[in-house]
Structure formats: structure tokens, C-alpha cells
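# Got a predicted structure here, sequence first:
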Amino acid sequence: MGLSLVQGRALMGLAAPAVAVEAHLANGLPAFTLVGLADVEVKEARERVRSALLNSGLQFPHNQRITVNLAPADLPKDSGRFDLPIALGILAASGQIDGRKLAGWEFAGELSLSGELRPVRGALATAAALHAAQTKDAARVRLVLPPGSAEEAALAPGIDVYRARHLLDVVAQFLPDGAPPPASDAASGWAKLAGATPAAAPQYPDLADVKGQAAAKRALEIAAAGGHSLLMSGPPGTGKSMLAQRFAGLLPPMSAPDALQSAAIASLAGRFSLAQWGLRPTCAPHHSASAVALVGGGSPPRPGEISLAHNGVLFLDELPEFPRAALEALREPLESGHITISRAAQRAEFPARFQLIAAMNPCPCGHLGDARHACRCTPDQIARYQSKLSGPLLDRIDLHVEVPALPAAELLAAPPGESSATIRARCAAACQRALARQGMPNQYLAGQALDEYLHLQPEAARFAQTAAERLGWSARATHRALKVARTIADLAGSATVAAAHVAEAVQYRRALGAAAARH
């Protein structure tokens, strides 16, 4: 009889709880039993492990009863990440490797039938969880991963990451003392990876490519400086998508912890590449996306577009065409900055602190307010189209701006605008003023913090009260307009919010209805 213990990790949202892979060999009828609330992909590991051991020239205990337990038993396990720990557990239980040497190591990797190791999802999230565990426990743990996953995990600080290309590369490190290394035709793929962060600066499309549209560019600058959401309305072809795609380049550079968290979420969805390190994500789902695609879901829960856009931009083009349920599901994350997905068997929480940039046509035909084309829509059609966006959702969008069609002569003669780098410098300076004053961007001010740090001048307060009463704003809309005014004051370098700052903020909350009123 033989018993062994190998350490691995499961995935539960961004968390990666530890899993003990116990392998036991006993006399009896030959069988290979896998227990511990394993999903279908994990149960299929029996055939992958068997073939990988045999094709690697190792012994598989055919004539014994093999029991593999993934503990804790009530924790769901999925994917092929447990193939490597299971194979090592069987080898240790059968005496082919020294099980005592496995202490202090963790493993993850999917096995091919030939024994090659294949990348696994969520390697960076696994490394981040291991780093957090090491912070609490002085013992240092080393992590072994396949190529692709190992380079990704090496971005996490304070982790010893080793890359192995083949099962034999791992076996060679844990042989009993004096045992000859396994025969292999391939060169060793075992290597310890340095944890250097890619040094290349992220590259974004330049806002100077967009000619004209000074009002929309100003709204983008305010949104970037204060972390506000933005809705652009205008006829087709006026540059709404170009503006949105260049918005991420106006945001301040990501800090190392933010870059690590965004990369970990992308790793969970299998979307991360080293070239994306430090690049603020811009997610642009199609308007046919479901509520689950936007906010996340499934079993086990996976991150949705709002979490993949964490610390970046969520661009929703053709906003009224999205399903009503999908749009309404955005309301809570826009306020809280996170999303909790609950299922019968498990619960996962994902961060979702994104900036919403949305675009829409003002009417079904798209030409309401367009001097070049007559609008063919009736007032009822316009009202029905715009009513697809609920009042509570529009309340949560801070800036509403029109993007009009430009005459051809003005478009062709317009000089290049300011570059993204120039505008980003102003936005970063305004953001630093807010952080120095209150420790957070203006968008996240609420309650007593809003009263304490707004610094509203008396005439500005009277102006804001009059505007809110005449425009019929809710309390949320009023507070959001005041937060926009605080950002405008920061861009101007003003310690207090003046009436002029409030007046500009008011203009950005009445643009959507202005075109319909002129029809």
C-alpha cells in the first residue's frame, strides 16, 4: 500500500483555495476512482493521466486499486488543472518519486496523452492567491506550471515560479536519492522564471485622430479625470465609436496592484497575454450580449464583460438595442464597483469598477438633429426608442453629450486636435488633486464625504438647487452633477466649486432630451 499528498489549487472566482490531492494504492480489484466533487473535466483526468504515464515511460499501477481524493470534498473542482498533481500523486504512492520532496511545492497543469504539459486557465489568479497565503504564513511555496501559464504567473510578486514542458521534467526533480533520471529524447524544459514585469509602455489609439467634436472631447476629458460614466448621442458616422476607443488612453497609468488584478481577471477568462500587461482594458460586447455575458455567471461562475473591464472601459455601442435585462443588470455594479454571482452550489464575487462609455442614435433612423438628413421618425417612435433606457439607468450615467454631424468642409479643414498624451497629463493632474484631497476619485464620493470635500460656493449651491428643481432631477442625479462639477473644478485647478463649474456640469445632464425637444 502507498499513500501520497500533493498540493494544488482550485478556482472560485478570483480566489484560489488550496486543494490537497491524496492518492492511495491498495490491493484489490483494479480500479481508478476519483472523488471530491470533481467536474466532468476533472474526472476525465483518469484517462489522460494513464496515457501520459505510459507514453512517458513511467509505470502505471494497473493491478492495484487507485483512489484519488481532492480535498476538501465540498469544494467544486473543474478544468484539467489537476492532471499534473494527480499524476505526481500516483507516482509518489507507487514509489517512483520521493513524496517527501513534494512538500512546499504546488502544481497545476493539464496533461496531453504524450505527457506534454498544456496551459491552464487562471494561472495569474492562482499565483496571486499563493502570494496572499505566503503573506500570512512564513513558509515559502514554489509553484510549477506549464509553458504559457508559468510566464503569466511570474508577474505576481514574491512567488517562485517554475516552468515545466513535460511530465518527465517534473519527475526528474523529485526522484529518490540515487535514482537515475528518466530517459527522454527532448531537452529539459525545467526552468525557474524571474518575476520581471514587462517594461514596454502600453500603447493606445490617439485622440488626435478625431477631428472636430470639441464638446465630446471635453466630456471625455472630464470623464477620465473624475472616473465618470458617459453617454454619447448622435447620428451615425459622427465619430462616437472612435472617441470611445480612444478613451482608455486618457486615463492615468495603472498602478502595479491594479494591473495585477486586471490581468488576473483576464487570466480567469483565458484572455490574458503578456503584451496586455499594464494596458487598461476596453471591452466592447455586441448589443446582442445577454445579461450573463455582461455581468458574469455560469457554473462555476465566470467573470462577465463588466469584470473584464475592471480598471478600464466598458463600451456599449447602440445602447438601446441591448436587452432590457442586460442593461438593468448594470445598475448595481455602476454604484458598488463589484458583482456577486450566487449559484446553488457556490458563490463568487468579482470586482467591476469600470467606466461606462455608451453610444446611441437619437432616434430609430438615427438622423434626429442631423442637418444633412431629415428625420423620418414620429414623436411616438422617438419616445419609444429613448424609453428603452430606464430612468434609473440614465441617472447613473454622469455625462450626456451630443455628437453632431460635421459638415464636410469643416471635417476636411479641421486641424489635428490635442494628442491623448496632452489630455492625459491634465486628467492625471486633476485626479491627483482629488486623491490628495479625499483619497478617491470624485466619482466615488458619497454621503458625508461628498458634503465634506465638495467645497461648493454659495452662489454655486443656489444655482445647483434651481437647476435640479427646474429639470426635475432625482437626488442621485443632483449628486452626480455635483461630482462632475467637482471634477471640472479640479481640471481648472480650483479649490472650490464655482457657479461656472456647476453650469457646465448641468449641460451634460440635459443633452439627451434636448434633441427630442427640438424635434
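Received, thanks. Numbers count the residues shown, from 1 in each chain.
# Run through the stretch 251-400 of the chain and note the low-pLDDT ranges.
Counting by pLDDT under 70, the stretch 251-400 of the chain contains low-confidence residues at 345.
# Give me the phi and psi for residue 299.
In terms of degrees, to the nearest 10, the main-chain angles of residue 299 are phi -140, psi 110.
# any idea how far residue 349 is from it?
16 Å (Cβ to Cβ, to the nearest Å). (Glycine included, C-beta is placed from N, CA and C.)
# same check, this time on residue 410
For residue 410, the distance to residue 349 - Cβ to Cβ - is 49 Å.
# Looking at those two, which has the bigger crowd around it?
When residue 410 is set against residue 349 and neighbours are counted by other Cβ atoms under 10 Å, the residue ahead is residue 349, at 17 against 10.
# Secondary structure element for that one, which one?
strand 347-351 (DSSP states H and E).
# Neighbouring strands - and their directions - for that strand?
In its sheet, strand 347-351 lies beside strand 338-342 (antiparallel), with partners assigned from DSSP bridges.
# residues of the partner strand that come out buried?
Neighbour-count burial for strand 338-342, counted by 16 or more other Cβ atoms under 10 Å, picks out 339, 340, 341.
# where does the stretch 101-250 of the chain have low pLDDT?
Screening the stretch 101-250 of the chain residue by residue with the criterion pLDDT under 70, one finds the ranges 135-139, 183-187, 195-200.
# Could you pull out the strands in it for me?
Assigned strands in the stretch 101-250 of the chain, in chain order: 105-107, 110-111, 117-118, 142-145, 160-163, 191-193, 230-233 (criterion: DSSP state E, counting those that start in this stretch).
# out of those, nearest to residue 32?
Among those, strand 110-111 comes nearest to residue 32, with 14.5 Å by Cβ to Cβ.
# List the strands paired with the closest one, with their directions.
In its sheet, strand 110-111 lies beside strand 117-118 (antiparallel), with partners assigned from DSSP bridges.
# next one: stretch 315-332 to chain centre, how far?
Here stretch 315-332 is found 18 Å from its chain centre; the criterion is Cα atoms, centre = their mean, to the nearest Å.
# Ok, stretch 240-256 next?
15 Å.
# Just the buried positions in that stretch, please.
Taking 16+ other Cβ under 10 Å as the neighbour-count basis, stretch 240-256 is seen to contain the buried residues 240-252, 254.
# One more: stretch 159-179?
In terms of neighbour count (16+ other Cβ under 10 Å), stretch 159-179 has its buried residues at 159-175.
# Determine how far the last residue of that stretch lies from the first.
Across stretch 159-179, the terminal residues are separated by 29 Å (Cα to Cα, to the nearest Å).
# okay, how far is it across stretch 233-249, tip to tip?
Start to finish, the residues bounding stretch 233-249 are 21 Å apart (Cα to Cα).
# which residues are in contact with stretch 256-269?
Contacts to stretch 256-269, defined as Cβ atoms under 8 Å, 6 or more residues apart in numbering, come from residues 11, 13-14, 121-125, 128, 152, 155-157, 197, 254, 272, 276-278, 280-281, 302-303, 307-308, 310-312, 350-351.
# these two touch, right, residue 130 and residue 159?
Yes. Contact between residue 130 and residue 159 holds when scored by Cβ atoms under 8 Å: they sit 5.9 Å apart.
# Overlap in contacts, these two.
Common neighbours of residue 130 and residue 159 (Cβ under 8 Å, 6+ apart) are residue 143.
# Quick check: residue 12 touching residue 350?
No. The pair residue 12 / residue 350 is not scored as a contact, 10.9 Å apart, by Cβ under 8 Å.
# between these two, which one's more packed in?
More crowded of residue 12 and residue 350, by other Cβ under 10 Å: residue 350, with 23 against 19.
# these two touch, right, the more buried one and residue 303?
Yes. Between residue 350 and residue 303 there is a contact at 4.9 Å, judged by Cβ under 8 Å.
# Doesn't residue 258 belong to a helix?
Yes. Under DSSP: H, G, I helix; E, B strand; the rest coil, residue 258 falls within a helix.
# For residue 268, see how far away it is.
16 Å.
# between the two, which one's more packed in?
residue 268 (27 against 18).
# Tell me how far the more buried one lies from residue 353.
Taking Cβ to Cβ as the measure, residue 268 falls 16 Å from residue 353.
# neighbours around residue 365, how many?
Per other Cβ under 10 Å, the neighbour tally for residue 365 reads 18.
# Give the full set of residues in contact with it.
Residue 365 sits next to 375, 376, 377 when contact means Cβ under 8 Å, 6+ apart.
# List just the nearest of these to residue 77.
Nearest to residue 77, judged by Cβ to Cβ, of the contacts of residue 365 is residue 377 at 54.1 Å.
# Not counting residues beside it along the chain, what's closest to the closest one?
Leaving out its chain neighbours, the residue that sits closest to residue 377 by Cβ to Cβ, 6 or more residues apart in numbering is residue 363, at 4.4 Å.
# For residue 329, see how far away that neighbour is.
25 Å.
# Settle it for me: which of these two has more neighbours?
A direct count of neighbours by other Cβ under 10 Å for residue 363 and residue 329 places residue 363 higher, at 27 against 20.
# what about that one, is that helix, strand or coil?
Reducing the assignment to helix, strand or coil with three-state DSSP, the entry for residue 363 is coil.
# pretty sure it contacts residue 382?
Yes. Because the distance of 4.7 Å satisfies Cβ under 8 Å, residue 363 is recorded as touching residue 382.
# do you know how far residue 126 is from residue 390?
Summarising the geometry, the distance separating residue 126 from residue 390, computed by Cβ to Cβ, is 39 Å.
# er, residue 304 actually
Between residue 304 and residue 390 the distance, using Cβ to Cβ, works out to 20 Å.
# So if I had to pick from the two, which one is more boxed in?
Taking other Cβ under 10 Å, residue 304 and residue 390 do not tie; residue 304 has more neighbours (29 against 13).
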